[in-house]
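Colleague: Just the structure for this:
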Amino acid sequence: MERSSFDIRMNKGFTLLELLLVIVVVGILAALALPQYVGFAERSRAAEALASIGAIKNAELAVRLESASFTSNMSNLSVQVPTTGSATYWIYNVTGADADSFAVTATRTSKKAGSAADQTIILTWNETSSPKEAWSGNHTGVPR
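Modeller: Predicted structure coming up:
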């Protein structure tokens, strides 16, 4: 039985070349999009740290109004920052607290840090200096 040209045209499908071309294009798009996503995720984690540091600063100012001195004890602050669980990307610490100043340090945890390990964000508050608030640290993902 002979196949007509009509029967041959009805066999529609993709050739191997077309499939390879689609795979290459999808791979290129993924290679371009993945670094953007990772950068976005790191900036969002840095923004979380900035928000937590701001909350700690406000709690420190409230403590100073009540006791005339800042505190280095995080449990004395009326603020809750993430310290446990799967979403803990930062460890927060208050140091150098006295009647006029304190420093809040957010240190990146090694858990899920990737290339951001060993990075910090530091807020130093000093009542006697101008400006009172100074930011420092070595975290490259901090949004400006």
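Colleague: Tell me the gap between stretch 60-78 and the middle of its chain.
Modeller: Relative to the centre of its chain, stretch 60-78 is centred 27 Å away, using Cα atoms, centre = their mean, to the nearest Å.
Colleague: residues making contact with that stretch?
Modeller: 56, 59, 81, 92-102, 104, 125 (Cβ atoms under 8 Å, 6 or more residues apart in numbering). Just so you know, the C-beta spots here come from the backbone N, C-alpha and C atoms, and that holds for glycine as well.
Colleague: can you pull out the strands in this protein?
Modeller: For the chain, strands defined by DSSP state E occupy the ranges 90-95, 101-108, 120-126, 133-137.
Colleague: Out of these, flag the one nearest Leu17.
Modeller: Of all the strands of the chain, strand 101-108 sits nearest to Leu17, with 46.6 Å by Cβ to Cβ.
Colleague: Parallel or antiparallel, list what pairs with that closest one.
Modeller: strand 90-95 (antiparallel), strand 120-126 (antiparallel) (DSSP bridges).
Colleague: Compile these into a markdown table and extend it with columns for distance to Asn73.
Modeller: As requested, the strands paired with strand 101-108 are arranged in a markdown table below (distance: least, Cβ to Cβ, whole Å):
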| stretch | distance to Asn73 |
| --- | --- |
| strand 90-95 | 8 |
| strand 120-126 | 16 |
